[in-house]
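K.L.:
build me a model from this:
(one chain, ligands or ions: 1)
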Amino acid sequence: MDPFVDLRSDTVTRPTRAMKQAMMDAPLGDDVFGDDPTVHALERKVAQLLGKEAAILVPSGTMANQLALRVQLRPGEEAIVHAGCHILNNEGGGAAALSGVTLRPLDSADGGLDPGAVEANLHLDDDPHHAQTRLICLENTHNACGGQVLSFPGLQAVAEVARRHGVAMHLDGARLLNAQVASGRAAQQWAALFDTVSLCLSKGLGAPVGSVLAGPADLVAKARRHRKQLGGGMRQAGILAAAGLYALDHHVERLADDHRRARQLAEAIAQVPGLTVELWRVQTNIVYFDLAPDHPLARDPRGRETLQRRLAERGVRIAGAPYRLRAVTHLDVDDTGIERACAALREVMR
Ligand SMILES: Cc1ncc(COP(=O)(O)O)c(C=O)c1O
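P.N.:
Sure thing, here's the model as predicted:
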């Protein structure tokens, strides 16, 4: 048994034996020379999965998103984003630092964008005061909104505004396959509303490294140039692509197990005195929860860290302190692990 039930993120998974075997067996070449057949196979597979002309393997979800900004915006232009999105809050200021663009956040409780608010906030005139809006970014599932699946009609309405005004759309689909499994709506249908889509192989899918950016062939060709510029050209990357191919063949349907376990955990948390959780948000593999305001630990500025430490002492790792608490289910957490986590939570809050 693992010494820890590690619920900090779905990025902590380790490749399975079968995935490692697929990596060992992969035919390889120098991908910067365009010679790696396994990378080609992965890029073709993801492009097909998402209904796009082309795709490019990159080291991380962050690089996939940053390339999407870079190929669709020029310095001084802007993208409208959700206030809680990864691109704005968790990519080290990359939009400004790497592409010289600004991000204008609009907020909502569920991670979507109100089409009326988007339309009202587009800067498309010639007023030199304004950064011109050239891109709208959405995230599905939405990490900071608790792994929620975005409303499909809501996205259609935003896409319609974007098309009407000639503004491009990018989807941070780090966990798009979680959205597919939870909603029953194919990734390709979600992706059809967007020009570019990023997809992570190294989260719930369980590959050790890698994300893919998919979109029109000309934008992907541009992204290939910028990937090299940023130091993301990888040589015998087929060893990683093989893990991604394996994950897409074997680890998609099983995401439903992660969702069931996250729900089980959230329902248990809802029963623990002193903890709060918004159950309606728990639709996939992410559970945000917090100390109830009337609990003594909530009055301690380090209360969340204390809870986190007490759980770690009982072999359960969670993330989020000092702001709020987060548990994420994934390939390396089974039913026993969830039961251990529930028991540890009950014990530390007693
Ligand atoms: C929604 C979302 N987008 C992008 C990323 C970035 O992925 P990476 O850590 O591979 O850069 C993450 C990482 O957790 C994420 O949650």
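
K.L.:
what sits against Leu241?
P.N.:
Small correction: residue 241 is Ala, not Leu. Contact analysis of Ala241 by C-beta atoms under 8 Å, 6 or more residues apart in numbering lists 26, 36, 38-39, 41-43, 57, 210. For glycine as for every other residue, the C-beta is placed from the backbone atoms N, C-alpha and C.

K.L.:
what about the residue of the chain found nearest the ligand, how many residues close to it?
P.N.:
Minimum separation of the chain from the ligand (C-beta to the nearest ligand atom) falls at Gly61, amounting to 2.5 Å. The burial metric for Gly61, expressed as a neighbour count using other C-beta atoms under 10 Å, is 27.

K.L.:
that one against Gly173, yeah?
P.N.:
No. Taking contacts as C-beta atoms under 8 Å, Gly61 lies outside contact range of Gly173: 9.1 Å.

K.L.:
so where do the helices sit in the chain?
P.N.:
Using DSSP state H, the helices assigned to the chain run over residues 17-25, 37-50, 61-72, 86-89, 94-99, 115-121, 152-165, 176-183, 187-191, 217-229, 238-250, 255-270, 303-313, 335-348.

K.L.:
close to the ligand, is the shortest one?
P.N.:
Read that as helix 86-89. Yes. Counting by C-beta under 6 Å from any ligand atom, the ligand is contacted by helix 86-89 at His86.

K.L.:
can you pull the residues of the stretch 201-350 of the chain lying near the ligand?
P.N.:
Among all residues of the stretch 201-350 of the chain, those adjacent to the ligand (criterion: C-beta under 6 Å from any ligand atom) are 202, 211.

K.L.:
would you turn the helices of the chain into TSV with distance to Leu291 and mean pLDDT?
P.N.:
Conversion of these to TSV gives the following (distance: least, C-beta to C-beta, whole Å; pLDDT from 0 to 100):
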stretch	distance to Leu291	mean pLDDT
helix 17-25	38	98
helix 37-50	40	98
helix 61-72	30	98
helix 86-89	22	98
helix 94-99	33	98
helix 115-121	32	98
helix 152-165	32	98
helix 176-183	27	98
helix 187-191	35	98
helix 217-229	43	98
helix 238-250	35	98
helix 255-270	11	98
helix 303-313	6	96
helix 335-348	11	97
